[in-house]
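Q: sequence plus predicted model, see below.
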Amino acid sequence: MSYTLQFGQVTPYLGYLAGGAWLALQLAAIAFVLGWAIGLGCASTLHYGPRWARWPIRAYVVFFLNTPLLVQIFFLYFALPDWGILLGSFQAVVLGMSLNAGAYLTEIQRAGFNSIRQAEVEAAETLGFTRVQSIRYVVLPHILKVLFPPLSNQYIILTMTTSIAAIFGVEELTGRTYNINAQTFRSLEIFSIAALYYVVLTLIASAALYAVGRYFFRIKRSPF
Amino acid sequence: MAALIEEAGRFYSYYNLIYLGKAFLFTILLSFAGCGIGFVLGAGLAVMRHPRIVSFAPLRWFALLYVELFRRIPFLVLLMVVFFAFQLAGADVTMFTVAATTVALSASAFSAENVRAGLESIHPNQWDAAEAMNMGGLTALRRVVLPQSWRVIIPPSMTYSVGLVKATSIASQIGVLELTYAAKILNQKGFSAALCFGTILVLYFCLCYPLNLFATSLEKRLAPSRNR
């Protein structure tokens, strides 16, 4: 069997692939925002909420952290119709990714809440800060600085996870790679190009998040 | 719901259970083989990247490039690349080998980062002291640095291997008989999706949750002392 790499046949599709990369970024952003909201809600309930509300949240987090995202989406996509809930492939993927990210982000943000020291808040009170002021000037800057690195890390991971959407027929970066593969049969070429797209995508995201962290939160840690 | 309970009797038949059990074993085998090979490769890469041990810079750049590349490729895409690369090489290998190679490649890049973090947790003075005792780079690594850094290396590696167990579900895409693939086959045989995927969700949970608990307890027990 002889196979020669011919990148020439796939170059016309590079623009089409870039469109997929844009969709992957959007997918990651949607899932991140939804997951972040879920995580913020769950983490603050764990920290400040009533005792009875804690164990359902713990169960949710532990379950979603210990099962694969792919199977979670399979369940949402194929099993929910039995109970009359029909999700489109894009909706199922977004819902699955958000719920999964929500569990991770709950854990991360819970650690953030735990890092607030009572002494800090009391000191702000002594200086005559109102509650809103103490959150705005004391708690938030501190908590953001602690949370920013793991949150940005999670965003990078989410960008890579979007490739799972291809399995459900969403035409993002990997999905479009499948399409091009079916048209040209230049499999290794197009999949290695897709891999490079992901590398570039996450490198750009890492660099951008590093710049943001350095400028706004004075985090000096290098992302590489 | 009643239909589901009625169906469960047929679903949990002897042969289906054997099938799921076999798939469960393959998931474990795939994760273990991949993690084991990946960890060894990753440790090698981390050592290769360390300026105190390797003075030849291009070798360090190669390790850096390898890690940054493979860390940033999604599992599914890497799986496809490995799959077609084996085809290109003309190697006639089983799908299990393809999947295990992918897991190992992915694991090596992430373990390299974990091991590097462990090596960097050791104060540079220790390297200097070892050098003053006339130890070479590798001897210092073996006798001075590794005995202190493994407690920083092990807990995140455990946590990461749980992630890999979950990632092996993607290997179902090329037809490796593991849990997710088994569930897909049973689903296509006509069993309801809720039962098939619900069952393997529970099985994955039974595999990952103890591992995660173990990782957490290790993290607490092995927490390095503050003075060094």
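A: Perfect, thanks for sending it.
Q: got the contact list for residue B:219?
A: B:155, B:159 (Cβ atoms under 8 Å, 6 or more residues apart in numbering or on different chains). All C-beta atoms are positioned from the backbone trio N, CA, C, and that covers glycine.
Q: measure it to chain A for me?
A: Residue B:219 is 13 Å from chain A, where distance means Cβ to the nearest Cβ, to the nearest Å.
Q: what about that residue, which SS state?
A: At residue B:219 the chain is in helix, as set by DSSP: H, G, I helix; E, B strand; the rest coil.
Q: quick one: least confident helix or strand in chain B?
A: Here the helix or strand of chain B ranked lowest by mean pLDDT, DSSP states H and E is helix B:2-11, holding a mean of 74.
Q: chain A too?
A: Sorting the helices and strands of chain A by mean pLDDT, DSSP H and E puts helix A:131-134 at the bottom, at a mean of 83.
Q: what helices or strands is it leaning on?
A: The contact analysis (3 or more Cβ pairs under 8 Å, 6 or more residues apart in numbering or on different chains; DSSP states H and E) places helix A:131-134 against helix A:118-126.
Q: disregarding residues adjacent in the polypeptide, which is nearest to residue A:6?
A: Closest residue to residue A:6 apart from its sequence neighbours, by Cβ to Cβ, 6 or more residues apart in numbering or on different chains: residue A:186 at 6.2 Å.
Q: that neighbour: how many residues sit nearby?
A: Neighbour count of residue A:186, defined by other Cβ atoms under 10 Å in any protein chain shown: 20.
Q: residues contacting it?
A: Residue A:186 makes contact with A:6, A:7, A:9, A:10, A:180, according to Cβ under 8 Å, 6+ apart.
Q: can you redo these as JSON lines with pLDDT, secondary structure and neighbour count?
A: Output for these, formatted as JSON lines (pLDDT from 0 to 100; DSSP: H, G, I helix; E, B strand; the rest coil; neighbours: other Cβ atoms under 10 Å in any protein chain shown):
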{"residue": "A:6", "pLDDT": "77", "secondary structure": "coil", "neighbour count": "12"}
{"residue": "A:7", "pLDDT": "77", "secondary structure": "helix", "neighbour count": "12"}
{"residue": "A:9", "pLDDT": "76", "secondary structure": "helix", "neighbour count": "14"}
{"residue": "A:10", "pLDDT": "76", "secondary structure": "coil", "neighbour count": "21"}
{"residue": "A:180", "pLDDT": "87", "secondary structure": "helix", "neighbour count": "24"}
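Q: picking up where we left off before, distance of the residue nearest to residue A:6 from residue A:12?
A: Using Cβ to Cβ, to the nearest Å, residue A:186 is found at 11 Å from residue A:12.
Q: repeat for residue B:42
A: Taking Cβ to Cβ as the measure, residue B:42 and residue A:12 are separated by 38 Å.
Q: closest to the centroid, which residue in chain A?
A: The C-alpha lying nearest the average C-alpha coordinate of chain A belongs to residue A:158 (Cα atoms, centre = their mean; 3.3 Å).
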